[in-house]
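# got a predicted structure plus its sequence, pasted below:
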Amino acid sequence: MSGHSKWANIQAKKGKTDAARGKVFTKLGRELLIAVKQGGPDPAGNSKLKDVIAKCKAANMPNDTINNAIKKASGAGNNDNYEEITYEGYGPNGVAIIVEAATDNKNRTAADIRHVFDKAGGNLGTTGCVSYMFNKKGVIVIEKASTQKDEEELMMLALDAGAEDFASDEEIYEITTDPSDFSSVREKLEEEGLTFLEAEVQMVPTTTVALDEKGAEKMERLLERLDELDDVSNVYHNWEEA
């Protein structure tokens, strides 16, 4: 996706209604729960939890909400058990789509996701059918207006911290890392007082697919319906948005 469309997407996410934001926080709460169950409630010794907390902060989730979710997840009486599952499929014109979900009922989630794909004229595929078209990368997005550092200074800071790539657009800087370096790069940037619009490990497409107006409308509907599903955590695709 181009930087312009990425910025537009981030703005759309930031401008969600309170109800939609509440849904985002609920999904992030599940990610916190899974991270705590896997590695404990102390982010100092749980790198996955540390990364999820950074993602929560980038989504403007209040610190109290984050801390309460961690406390709840680590409580003796918490019997919530979610597992992470990845689904792969095709949208209009063969657009590759990866859906990451956190669920306590695999059958329900698979049926819901399959229904969305079918309704949008796509189809759910088998594991591995599209993931080869993506690379897993750490992605950090910084709004230019949020920092006084100039582009060269920030680029050198990111690269010295271990980033793989640095890109600049009209409104944002985008820093890409190897997944194994993501946490350390993010922490070094945080130490410099930087705040993020996005900070997470994502599936980044290696090639993109353009759609005509009709195909784009179908794709937008498919993405919206996937986003509406409570069990869906993240959706990645290789549609090159205009």
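Cool, the structure landed.
# any regions of the chain where pLDDT drops low?
The model of the chain has pLDDT under 70 over residues 1-19, 76-77, 242.
# which residues in it form helices?
Along the chain, counting by DSSP state H, helices occupy 3-14, 18-39, 47-58, 63-74, 106-119, 151-161, 182-191, 213-228.
# and the longest strand for this structure?
Secondary structure of the chain per DSSP state E: the longest strand is strand 134-143.
# off-centre distance for that strand?
Relative to its chain's centre, strand 134-143 lies at 9 Å (Cα atoms, centre = their mean, to the nearest Å).
# and it, what's buried?
Residues of strand 134-143 classed as buried by neighbour count (16 or more other Cβ atoms under 10 Å): 134, 137, 138, 139, 140, 141, 142, 143. Where C-beta positions appear, they are placed from N, C-alpha and C, glycine not excepted.
# what pairs with that strand, parallel or antiparallel?
Looking at strand 134-143 with DSSP bridges, its partner strands are strand 172-177 (antiparallel), strand 198-205 (antiparallel).
# go through those strands and pick out the most buried.
Mean neighbour count (mean count of other Cβ atoms under 10 Å) peaks for strand 172-177 among the strands paired with strand 134-143, with a mean of 22.
# who touches that one?
With contact meaning Cβ atoms under 8 Å, 6 or more residues apart in numbering, strand 172-177 is reached by 3, 6-7, 10, 137-144, 151, 154-155, 158, 162-168, 185, 189, 197, 204.
# returning to that earlier point: point out the most buried one among the helices of the chain.
helix 47-58 (a mean of 20).
# relative to the whole chain's centre, how far out is that one?
How far helix 47-58 lies from its chain's middle: 11 Å, per Cα atoms, centre = their mean.
# list the contacts of residue 221.
Contact analysis of residue 221 by Cβ under 8 Å, 6+ apart lists residue 120.
# so how far is residue 31 from it?
Separation of residue 221 from residue 31 (Cβ to Cβ, to the nearest Å) stands at 25 Å.
# so how far is residue 201 from the residue lying closest to residue 190 once chain neighbours are set aside?
With sequence-adjacent residues excluded and distances taken as Cβ to Cβ, 6 or more residues apart in numbering, residue 190 is closest to residue 54, at 7.7 Å. Going from residue 54 to residue 201 by Cβ to Cβ gives 10 Å.
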